[in-house]
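Participant: Below is the sequence, then the predicted model.
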Amino acid sequence: MSGTGGPSLMDSLFQRTLDDLIKGIRLHLPGPAQSTFISKSLDEIRREITSTDLHTKSTALQKLTYLHSLHHFDISFAAFHAVELTSSPSFLHKKTGYLAASLSFRPSTDVLLLLTNQLRKDLSSTNQHEVSLALECLSVICTLDLARDLTPDIFNLLMSSKIFVRKKAVACLLKVFSQYPDAVRVCFKRLVENLETVGGAGDNGTMLAATVGVFCELARKEPRAYLPLAPEFYKILVESRNNWVLIKVLKIFAQLGRLEPRLAKKVVEPICELMKRSEAKSLVFECVRTVVSSFYEYEFAVKLAVEKIREFLLDSDLNLRYLGLQGLLLVAPHHLWAVVENKEVVIKSLSDVDRNIKLEALRLVMSMVCDDNVVEICRVLVGYALKSDPEFCNEILRSMLSTCSKNVYEIIIDFDWYVSLLGEMARIPHCQNGEEIEYQLIDIGMRVKDVRPELVRVGRDLLIDPALLGNPFIHRILSAAAWVSGEYVKFSRNPFEIMEALLQPRTNLLPPSIRSVYIHSAFKVLSFCLHSYLSFEKGASSSPPNFVDIEPGFTYSESEQEFTETDQATSSSALHKRDTFTQESIANVLTLVITSLTPLAESHDVEIQERVRNVLGLARLAQQEISCHNDQKEKMVDKADLKTSIIIRLINDALSEDFGPISFSAQERVPVPDGLVLEENLSKLDSICADVQLPISESFSLVKPIFLPADGDSISNQQNEEESETSAAESTSLLAEHRKRHGLFYLPSDHSKDASSSFPPANDPKQRDNDVDDLVKLTEESLVLKRKPNLSRPRPVVVKLDEGDRLPIAVKKTDENDDLISGAVRDVLLGNEASSHSNNLSGRRKGKSHSKDKVENSETGSSSKRRSKHRNHGKNVEENENGEKGKQKSGGKHKSRRRADGGVDVAVEKPVIPDFLL
Amino acid sequence: MGIRFILMVNKQGQTRLAQYYEYLTLEERRTLEGEIVRKCLARNEQQCSFVEHRTYKIVYRRYASLFFLVGVDNEENELAILEFIHLLVETMDRHFGNVCELDIMFHLEKAHFMLEEMVMNGCIVETSKNNILAPIQLMDKAS
């Protein structure tokens, strides 16, 4: 037993049988012992399979099939031997060969073509069992070449007098069609004939089951082509007593009924009859599913279906309960009352032992959510989330997050509530949806200005809790909390508290990327504190400070009006603020910052290091300033004019720049203006930057330098102030504000004069002069304000972009092959087969180009099909014409397609639906 | 295609029969079987017989020590598939006499043969036990 030499007589005589192999495998424990045994057996088999004795070969192949199928061994080396065995005169050997082929061959197996002749021979054998073997094998391994070569043989079998063979030939067609759509032109007529011979002689139940099964699969991919067969299916629906067949026919009608309302009217009665009288739950459920998903416009049918669903829901059988919930889910989009009626069962199912049932119940609960009940439902769900297992808990959170954020938070009216809900979710022990919550917290912050104070409060609560830092799943949420606390620190009641939270020692548990967000937020908070301190000191000497006034050149946002209230609340009283920002407290903050961040200045993470150095730079500068004031208190009056104050003011202004959501295609929409030469602009920018004397502001040069031109700074600022005073009352000025701030990103395409030669400065006063209409148009293009700011309305403004705010959903394309099949089917059904009989290579090419038409057609038509099928069908002819046009456009390219086009022309002229049914 | 695959798996999660109606590589089959076994075998008697997996669903039923798992398209009728599983088991029972794991292991070819009679291309083509077993009985007689 050595080497890999040919098989000896000994091998044949003492060959292990399959049974021996199985027993051997069972004797050895799984693990190394078993694998050694198997690899030893494999060595034997490799020798045995080359034997000339067919029995030895067959046994070897049996063993290989076993190892392949159950132990996942690659047996591609034996492919040729399998082919060899299929030609054996012995039926048993042939069977072994075909089984091995159907289980282990892949489309790329190179000996597949060698099988063609043998398959052809067996397909035309007089022994029906041999035919059956060949058909079964073909139905699994069929490729384009096999299908093309064997279509005539299968065509013959479709009229076989033996049902045993005929039904298998019919079932095999499905695979042949999918590989070689032109076979439809040859075989489809006979397939239809098989459908029509219901009630004829012989065992037609079986025959019908196979045929209807094939049609069900075909119709699922492109139902429209099968509408002309509706009368045949209808006949089966009312006559058949076979539940398997009825279920399949119902599935076909579910597809067809959506396309043709007249058909729906006709079949809905018999379906209800079936639903009432059938004992078989499977059939009843199929009726229910068909009615609620396709015939939901028929009130009486839906009522009956909901009754049945209720029976399912109250059944003791778990499976039926599950299906009942699924049925409800299907009803929900059109008849929400059915869900509401069964609310108790649904809610109860949320605490079922079975996770699948819980999931269905959850989906149903989510389907009931609307702006009236979202608060209540979320409260209930959070309760369930708290007591559920981690997996389901996260499932609940995920559904809540996605439902509430749908269509840019469409159903949320009370954002304060929603933001605090997000904070609450973060504290649920099993929460693993950090990423989504992070996204939403920041997203809401940017979109909904009114909610920012509450957002900061929620962020603060999360930040100051040191326990949360230990849970890696919510680090992302903390990152968002840190960001909002920094960005909107002006709404904070106590910035010092936030500063302490941001710098607490346990932040070393955070990953570097998030820690740097913390540090940058600390920078923002520090800048805010210093700025406030200095401004109040200044203001103390003159008029009582108004929060907005102390920030010249900066206005919060479009909704300035709304903010007067909140601002007053935040700066609750000037006295309070002044108490907060005392020299002592500022000095304390500076010490805190410097002591806690100094060690990090040497951090290995560049991001952290860089941000820490920014903060430290600012802190040290401010510290000098303040200590120097200590010595010379009397000179404090002019503090605002001091260099440091200016720096701090500029930094604070830079940081106060408002962020808004930006459309995914915003950049693409900025047209390159005609006269624009990029280098020229940059050189100007250079000179501007050179004029900037203050080094620190360079770190924000992205936005700020534009604000600091050496010339006309003060003038433009003055203008700004004046203008903002005069026009603040007009709602259009809100748009102007936006135009001003985001001018860089939202250039309108028809507006190239704005973008003519240089970047418009972000608050270029000239832009104010723009025509109001232009601005309105512009904002319609880029931004849609949910509604105009109006204090009396309960729902705050949500900034919303025109197109999808997240990744656009890819348009689903139909499979090319499906289109080919349905195209061919249409041709055949509409009596066009005479012109299109082609079984050769050119026919194949024609088929290919035909498919391109279909793709074009589906691009124009089918995208909207799904939503408005009924209406679409009314315009059937029109749509076909559209398709025609598309074809003609590209017609020049594909001359070989002319004939196929002719076929579709016929389809246009003929009415697609015979009026038989109506 | 209605049925995508049929698996028979024992309590320990070892595959005892695997029939696929769409082509999957060996590696894909191995992963798929692993995932499904983990998902379904962990469930108990008080849970329903339908499991969603990837883009399709699995309808399964346990008979003694053997799990019958059928992967089907989402549109497929779950209850009909349960009936199909039951029919399959009854058919095997009739042939082997109270079918058990070992019968299927040692008669894998026959088991496949029966399945082929019942299902082609993922469509159920035969539901009569007599018809399903006729060819096999003929074969047994001949050998």
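Facilitator: Structure received.
Participant: Report the spatially closest residue to the residue of chain B most remote from its centre, excluding sequence-adjacent ones.
Facilitator: No residue in chain B sits farther from the centre than residue B:142, which is 27.2 Å out by C-alpha atoms, centre = their mean. Of all residues not flanking residue B:142 in the chain, residue A:91 sits nearest, at 7.4 Å (C-beta to C-beta, 6 or more residues apart in numbering or on different chains). (C-beta placed from N, C-alpha, C; glycine too.)
Participant: picking up where we left off before, so the residue farthest from the centre of chain B sits right up against residue A:90, yeah?
Facilitator: No: Residue B:142 is beyond contact range of residue A:90, at 10.2 Å (criterion: C-beta atoms under 8 Å).
Participant: backbone phi and psi for the residue nearest to residue B:142, please?
Facilitator: phi -60, psi -40 (degrees, to the nearest 10).
Participant: How much space separates it from residue A:131?
Facilitator: With the distance defined as C-beta to C-beta, to the nearest Å, residue A:91 ends up 12 Å from residue A:131.
Participant: Averaged pLDDT, the lengthiest helix in chain A. What do you get?
Facilitator: Ordering each helix of chain A by length in residues (DSSP state H) puts helix A:512-541 first. What helix A:512-541 shows for mean pLDDT is 84.
Participant: returning to that earlier point: quick one: the residue farthest from the centre of chain B from residue A:345, how far?
Facilitator: 57 Å.
Participant: cool, and residue A:414?
Facilitator: 29 Å.
Participant: Just confirm residue A:309 contacts residue A:338, I think it does.
Facilitator: Yes: counting by C-beta under 8 Å, residue A:338 is a contact partner of residue A:309 at 7.2 Å.
Participant: Have a look at these two and say which one is more surrounded.
Facilitator: residue A:309 (29 against 21; other C-beta atoms under 10 Å in any protein chain shown).
Participant: who touches the more buried one in this structure?
Facilitator: A:288, A:324, A:327-328, A:331, A:338, A:342 (C-beta atoms under 8 Å, 6 or more residues apart in numbering or on different chains).
Participant: How about residues contacting the top helix by length along chain B?
Facilitator: Counting by DSSP H, the longest helix found in chain B is helix B:78-96. For helix B:78-96, contacts defined as C-beta under 8 Å, 6+ apart pick out A:243-244, A:247, A:280-282, A:285-286, A:319, A:323, B:3, B:49-50, B:57, B:59-61, B:63, B:68, B:70, B:72, B:99, B:103-104, B:107, B:110-111, B:114-115, B:118, B:124, B:127, B:129, B:132-133, B:136.
Participant: Equivalent analysis for stretch B:13-20, please.
Facilitator: So stretch B:13-20 is contacted by A:69-70, A:103, B:4-10, B:29, B:33, B:37-38, B:41, B:66, B:101, B:104-105, B:108, B:111-112, B:115, B:119 (C-beta under 8 Å, 6+ apart).
Participant: Recalculate using a threshold of 6 Å.
Facilitator: A:69-70, B:5-10, B:33, B:37, B:41, B:101, B:104-105, B:111, B:115 (C-beta atoms under 6 Å, 6 or more residues apart in numbering or on different chains).
Participant: Okay, buried residues for stretch A:508-524 please.
Facilitator: A:509-510, A:514-524 (16 or more other C-beta atoms under 10 Å in any protein chain shown).
Participant: meant to ask about stretch A:106-124
Facilitator: A:109, A:112, A:115, A:118-120, A:122-123.
Participant: Need those residues in a markdown table (columns: distance to residue A:613 and pLDDT).
Facilitator: Formatted as a markdown table, the buried residues of stretch A:106-124 follow (distance: C-beta to C-beta, whole Å; pLDDT from 0 to 100):
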| residue | distance to residue A:613 | pLDDT |
| --- | --- | --- |
| A:109 | 64 | 86 |
| A:112 | 67 | 89 |
| A:115 | 73 | 92 |
| A:118 | 78 | 93 |
| A:119 | 76 | 94 |
| A:120 | 80 | 94 |
| A:122 | 81 | 94 |
| A:123 | 80 | 94 |
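Participant: ok, those residues vs chain B, which is closest?
Facilitator: Checking these against chain B with C-beta to the nearest C-beta, the nearest one is residue A:109 at 10.5 Å.
Participant: More neighbours: which of residue A:91 and residue A:131?
Facilitator: Neighbour totals were compared for residue A:91 and residue A:131, and residue A:131 leads with 22 against 16 (other C-beta under 10 Å).
Participant: what does chain B have sitting close to chain A?
Facilitator: B:15, B:18, B:26, B:30, B:46-50, B:77, B:79-80, B:105-106, B:108, B:112, B:116, B:120-121, B:123, B:125-127, B:135 (C-beta under 6 Å from any C-beta of the partner chain).
Participant: For the buried ones among these, write the corresponding PyMOL selection.
Facilitator: This is the PyMOL syntax for the buried subset of the residues of chain B next to chain A, where burial follows 16+ other C-beta under 10 Å:
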select buried, chain B and resi 15+18+47+48+49+50+77+79+80+105+106+108+112+116+120+121+123+125+126+127+135
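Participant: Out of the residues of chain B next to chain A, which sit inside strands?
Facilitator: Of the residues of chain B next to chain A, the ones assigned to strands by DSSP state E are B:15, B:18, B:50, B:120, B:123.
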